[in-house]
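Visitor: no sequence on this one, just coordinates:
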């Protein structure tokens, strides 16, 4: 599962970061009570996406720091699920990071690294690191997981695209090195790309297209690309239009049942849980139930919907 949780900040000021809008003294009035409710909302969503079995791996972005994740895993309703976590410590000016929650009984952490990004151009700015985690799952397969939050579209899609292409190139370079050293590479890339499946960072740099009938093991495939062609499908709604900014990308080794650890695009979804949606009074139908609408507190969940995929371990169907 991956989810952009929309500004999961604590209530304390970090003197090294620009977190002033999420303090009790700010215009948003970000209080401890609102923070606790946000944690409960995140916990409720993760549990609901898993239905009877909580997700083994949960990627998150827009989380402020280690204390937020400690509160989420130890002092929210998520405590009973036994999650551990790893996260980045990025130079992002607002202090937001990406993280991976994992259930230690089902995923043995082998290594993790935070990949720093230098954006192009003389007016570049610090951005989020890429989180690369390697672990072993219960059938002893090695899994490489990337959690990403690519630079925003601030300034417009065209002007900001080189920044997202830069990050995608770094991801591709690391993935290609894994393709070289692993006989049967099992790679998952999940995150908020701030791009759609057909945009350059995904379709050209990562070459992550919809899975074909005969996937290649050393290629990447976007599990939600086919569904994203439906104009009513997406994880984010902007000016009445649903779009897919949050991607689930896997290596081709996952797409053949012969490997006994596999999936396909029918098992990948956007979680349109009823409590995550609210009426779109301006454009009609539904939209994500956000924590804030502008600076007005709504008490909702996030401006993004989660994406998730089921994997099958065992004999082929």
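Guide: That came through fine. It should be emphasised that the depicted structure is a prediction, and the values quoted were computed from it without experimental measurement.
Visitor: where's the closest residue to residue 237 other than its chain neighbours, which helix or strand?
Guide: Residue nearest to residue 237 in three dimensions, not counting chain neighbours: residue 287, with 4.6 Å by Cβ to Cβ, 6 or more residues apart in numbering. Quick note: C-beta positions are derived from backbone N, CA and C, even for glycine. In the assignment (DSSP states H and E), residue 287 maps to strand 286-288.
Visitor: List the neighbouring strands of that strand plus their orientation.
Guide: Using DSSP bridges, strand 286-288 pairs in its sheet with strand 277-279 (antiparallel).
Visitor: list the buried ones in the partner strand?
Guide: 277, 278 (16 or more other Cβ atoms under 10 Å).
Visitor: what residues does it touch?
Guide: With Cβ atoms under 8 Å, 6 or more residues apart in numbering as the test, strand 277-279 has contacts from 285, 286, 287, 288, 289, 298, 300.
Visitor: Tell me if I'm right that the second one and residue 276 touch.
Guide: Looking back up the chat, that one is residue 286. No. The criterion here is Cβ atoms under 8 Å, and residue 286 misses it with residue 276 at 9.3 Å.
Visitor: okay, these two: which has more neighbours?
Guide: Each of residue 286 and residue 276 has its neighbours counted (other Cβ atoms under 10 Å); residue 276 has more, 25 against 15.
Visitor: residue contacts, that one?
Guide: Residue 276 touches 45, 288, 289, 300, 301, 302, 305, 306, counting by Cβ under 8 Å, 6+ apart.
Visitor: Name the nearest of the residues you listed relative to residue 255.
Guide: Among those, residue 306 lies closest to residue 255 (Cβ to Cβ), at 22.1 Å.
Visitor: Quick check: the closest one vs residue 276, distance?
Guide: Using Cβ to Cβ, to the nearest Å, we find residue 306 at a distance of 8 Å from residue 276.
Visitor: Same question for residue 186.
Guide: For residue 186, the distance to residue 276 - Cβ to Cβ - is 30 Å.
Visitor: Residue 112 now?
Guide: Applying Cβ to Cβ, the value for residue 112 to residue 276 is 29 Å.
Visitor: Under the pLDDT cut-off, which ranges of the stretch 101-250 of the chain? List them.
Guide: Within the stretch 101-250 of the chain, no range satisfies pLDDT under 70.
Visitor: Please repeat the previous calculation with a cut-off of 90.
Guide: Within the stretch 101-250 of the chain, the segments meeting pLDDT under 90 span 121-124, 138-139, 154-155, 182-184.
Visitor: can you map out the strands along it?
Guide: 107-115, 130-137, 142-149, 187-192, 220-222, 236-238, 241-243, 246-251 (DSSP state E, counting those that start in this stretch).
Visitor: From the chain's centroid, how far away is the longest one?
Guide: In this case it means strand 107-115. Distance, stretch centre to chain centre, for strand 107-115: 16 Å (Cα atoms, centre = their mean, to the nearest Å).
Visitor: Return the list of helices and strands in contact with it.
Guide: Applying 3 or more Cβ pairs under 8 Å, 6 or more residues apart in numbering; DSSP states H and E, one finds that strand 107-115 contacts strand 83-87, strand 130-137.
Visitor: any chance of these in JSON lines, plus mean neighbour count and distance to residue 241?
Guide: Listed next are those as JSON lines, based on neighbours: other Cβ atoms under 10 Å; distance: least, Cβ to Cβ, whole Å:
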{"stretch": "strand 83-87", "mean neighbour count": "19", "distance to residue 241": "32"}
{"stretch": "strand 130-137", "mean neighbour count": "20", "distance to residue 241": "28"}
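Visitor: Just send those strands back as TSV, with distance to residue 64 too.
Guide: Formatted as TSV, the helices and strands packed on strand 107-115 follow (distance: least, Cβ to Cβ, whole Å):
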stretch	distance to residue 64
strand 83-87	10
strand 130-137	15
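Visitor: quick one on the thing from earlier: tell me who's in contact with the residue nearest to residue 237.
Guide: 237, 277, 278, 279, 280.
Visitor: Taking the centroid of this protein, which residue is nearest it?
Guide: residue 191 (3.2 Å; Cα atoms, centre = their mean).
Visitor: Go ahead and confirm that one touches residue 146.
Guide: Yes. Under the criterion of Cβ under 8 Å, residue 191 makes contact with residue 146 at 7.3 Å.
Visitor: Turn the contacts of strand 277-279 into CSV, columns for pLDDT.
Guide: Putting the contacts of strand 277-279 into CSV (pLDDT from 0 to 100) gives the following:
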residue, pLDDT
285, 92
286, 96
287, 97
288, 98
289, 98
298, 96
300, 97
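Visitor: can you name the two of these that are farthest apart?
Guide: Among the contacts of strand 277-279, 285 and 298 lie farthest apart (Cβ to Cβ), at 17.6 Å.
Visitor: neighbouring contacts of the helix ranked longest in the chain?
Guide: Counting by DSSP state H, the longest helix found in the chain is helix 157-181. For helix 157-181, the external contacting residues (Cβ under 8 Å, 6+ apart) are 115, 117-121, 124, 127, 130, 132, 144, 146, 148, 150-154, 185, 187, 189, 193-195, 199-202, 205-207, 218, 220, 251.
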